[in-house]
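# okay, here's the prediction I keep looking at, along with the sequence it came from:
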Amino acid sequence: MSGVKVEHLVKADPETTFRAFADIPRAAEMVAGIERIEMLSEGPVGIGTRWRETRIMYGRTATEEMTITAFEPRQGYTSEAESHGTRYVTRYTFAPEVGGTRVTLDFTGRPVTLGAKLMMPLALLFRGTIRRMLAQDMADVAAHAERKAAAS
């Protein structure tokens, strides 16, 4: 799958914005599309943090196990997952901007099995749906960060 890129200007400072987006344990409280988060590792969120995320996709429950593989406070983080023969990488970056913080999400899926490679043309049909889902997820977390910033 080729990549999907989504950007959102959050009307909150970079610290507040980053904390909201990196608050994995509370993601289901912020993102309407997430039903449940099950933390698989203990301690503060950072490199090596693992969790299971359950959401409804295409009318079915989908649960994926994810791991943070890069983590730079206030700058960005990367999470990775492998499912159905495809390796997924999601990279969030945070940049201060007049009026708030520019959040950029880069999502890629790379097939690693023959079956996944054969299904790749079909997967490309879902890019628009994936882009809309990711944009909605970002808008949900952005609204949470903006409420936090307004309350400060």
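Now that the structure is in, tell me what you want to look at. Because the structure is a prediction, the values reported are computed rather than measured.
# the residue nearest in space to the middle of the chain: what's it in contact with?
In the chain, the centroid-proximal residue (C-alpha atoms, centre = their mean) is Thr90; its distance is 6.1 Å. Thr90 makes contacts with Thr78, Ser79, Glu80, Leu105, Asp106, Phe107, as judged by C-beta atoms under 8 Å, 6 or more residues apart in numbering. Every residue, glycine included, has its C-beta placed from N, CA and C.
# now distance to Gly33 and secondary structure too, for the residues you listed, in TSV please.
Formatted as TSV, those follow (distance: C-beta to C-beta, whole Å; DSSP: H, G, I helix; E, B strand; the rest coil):
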residue	distance to Gly33	secondary structure
Thr78	20	strand
Ser79	16	strand
Glu80	20	strand
Leu105	14	strand
Asp106	19	strand
Phe107	14	strand
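# any chance of those in CSV, with neighbour count, pLDDT and distance to Leu118 too?
Below are these laid out as CSV (neighbours: other C-beta atoms under 10 Å; pLDDT from 0 to 100; distance: C-beta to C-beta, whole Å):
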residue, neighbour count, pLDDT, distance to Leu118
Thr78, 17, 98, 27
Ser79, 22, 98, 26
Glu80, 15, 97, 22
Leu105, 20, 98, 28
Asp106, 17, 97, 25
Phe107, 20, 95, 21
